[in-house]
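1. sequence and computational prediction follow.
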Amino acid sequence: MKKLFVVAVMALALTGAVFAGGSRERGAALEPIPSSECPPEARGHFDVFFCDKDGDLLADMPEDERFWLDPQTLVFAYTPVEDPAIYEDMWQPFLDHLAKVTGRNVQFFSVSSYTAQVEAMRAGRLHIAGISTGPTPFAVNLAGYVPIAIMGGADGQFGYTLQMYVHADSDLHSLEDLKGKRVAHVTPTSNSGHQAPMALFPRYGLTPGVDYEPVFSGSHENSALGVVARDYDAAPVASEVVDRMAERGLFDPADVRIIFETDPFPTTSYGIAHRLHPDLQEKIREAFFSYSFAGTPLGEEFEVDGFIPIVYKDHWDAVRTIQEYNGVQYRLSDID
């Protein structure tokens with residue numbers, strides 16, 4: 001009931017404050033796409049309002065222009081945070097840039113849940129959003145969300161990786177070498193320290209719980225230091241955590257060796273509603289990729305250079321694999 005109340009309040013607020021200018025800007029309400037027009041292979045995990053005929057795992061632009069959105073006021077919502085007021089100020093310079101490039105008004109809207117974000121975009125009331133890693137596939141499949149960018153460095157680097165550490169002097173060189181060894185995982189809920197290894201390692205010939213029994217260390221720090229002390233033969237850890245440990249002098253990087261590393265796990269995605277007018281979509285993309293973080297509150301907070309383009313099908317592959325392994329179903333009731 002609480003989630004439904006939040007969504008209802010958000011819908012009423014946005015309807016009154018943003019869309020008072022008429023319904024044409026909002027487009028017609030989406031209608032279910034019959035299976036005769038969207039075969040199972042194109043439906044995938046999408047809700048009945050969306051179809052993916054080109055195979056990019058994103059909702060196709062509606063063929064009927066009645067459903068297109070071309071609002072004069074764009075609504076942006078950042079992933080739910082504890083103090084939305086701070087982030088609203090932090091985002092304002094970018095929103096001003098977005099307004100300048102698109103020629104539209106831009107409004108920041110604070111959301112209290114991922115469900116509210118997805119419901120609002122699904123209803124055509126939210127046009128641009130920053131959505132956290134895990135909820136991104138929910139938004140894609142339930143709301144027609146199209147991730148286009150992620151924060152990163154000028155060199156194109158972003159996110160963090162899962163690294164499998166072994167002692168530098170060990171004779172372990174591949175995941176398959178870890179069969180029967182003492183391997184430390186972090187905690188049952190840790191992504192890179194447990195969930196991701198459980199889902200991804202079998203691809204490479206190593207099945208945790210079968211080929212070795214994970215020993216929970218309690219933290220990435222404990223896992224890394226345990227490998228250094230030879231308490232564990234190996235440990236999967238988050239790159240960003242051990243990098244900070246090395247910077248603080250907690251261990252000598254020369255004492256360990258990485259025998260496996262994933263592609264970077266993405267952080268928050270930034271994207272748009274799939275049914276925005278194509279010309280407007282291009283302007284929004286231009287705004288994202290022309291904005292420099294140097295000297296801005298976003299640059300200071302996130303310590304990155306700017307937005308870099310992403311391909312959802314590729315960059316979220318590991319996330320989707322992990323969610324599939326964990327039996328995730330893309331339902332509104334399961335987002336938060």
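-> Good, I have the coordinates. Residues are numbered from 1 along each chain as shown.
2. so where's the stretch 201-336 of the chain shaky on pLDDT?
-> Residue ranges of the stretch 201-336 of the chain with pLDDT under 70: none are present.
3. what are the ranges of the helices in the stretch 151-300 of the chain?
-> 196-200, 220-228, 239-247, 278-289, 297-302 (DSSP state H, counting those that start in this stretch).
4. how about residues contacting the last one?
-> Going back to what we said before, that points to helix 297-302. 89, 90, 91, 93, 94, 151, 293, 305 (CB atoms under 8 Å, 6 or more residues apart in numbering). All C-beta atoms are positioned from the backbone trio N, CA, C, and that covers glycine.
5. go with 6 Å
-> 90, 151, 293 (CB atoms under 6 Å, 6 or more residues apart in numbering).
6. name the residues of it that come out as buried.
-> Residues 297, 298, 299, 302 are the ones in helix 297-302 that count as buried (16 or more other CB atoms under 10 Å).
7. that older thread, which single one of the contacts of helix 297-302 is nearest to residue 40?
-> residue 151 (35.7 Å; CB to CB).
8. surely the closest one meets residue 304?
-> Yes: under the criterion of CB atoms under 6 Å, residue 151 makes contact with residue 304 at 4.5 Å.
9. all strands for the stretch 1-150 of the chain, in order.
-> When assigned using DSSP state E, counting those that start in this stretch, the strands of the stretch 1-150 of the chain occupy the ranges 73-77, 105-108, 128-131, 145-152.
10. indicate which one of these is closest to residue 44.
-> When the strands of the stretch 1-150 of the chain are ranked by proximity to residue 44 (CB to CB), strand 145-152 comes first, at 14.3 Å.
11. direction included, what does that closest one pair up with?
-> strand 269-273 (antiparallel), strand 306-309 (antiparallel) (DSSP bridges).
12. biggest helix in the chain, by residue count?
-> As assigned by DSSP state H, the longest helix anywhere in the chain is helix 84-102.
13. am I right that residue 296 is in contact with residue 94?
-> No: in this structure residue 296 lies outside contact range of residue 94 using CB under 6 Å: 7.4 Å.
14. tell me the pLDDT at the residue lying closest to residue 256 once chain neighbours are set aside?
-> Leaving aside its chain neighbours, residue 256 sits nearest to residue 165 (4.8 Å; criterion: CB to CB, 6 or more residues apart in numbering). We have a pLDDT of 97 for residue 165.
15. from the centroid of the chain, which residue is nearest?
-> Nearest residue to the geometric centre of the chain (CA atoms, centre = their mean): residue 133, 2.3 Å.
16. how much space separates it from residue 292?
-> Using CB to CB, to the nearest Å, residue 133 is found at 24 Å from residue 292.
17. again with residue 104
-> From residue 104 to residue 292 the distance is 21 Å (CB to CB).
18. the more surrounded of the two?
-> residue 104 (18 against 13; other CB atoms under 10 Å).
19. the more buried one contacts residue 71, correct?
-> No: contact criterion CB under 6 Å: residue 104 and residue 71 do not qualify, at 7.1 Å.
20. which residue packs closest to residue 168, ignoring adjacent ones?
-> The nearest residue in space to residue 168 (CB to CB, 6+ apart) is residue 257, at 4.8 Å.
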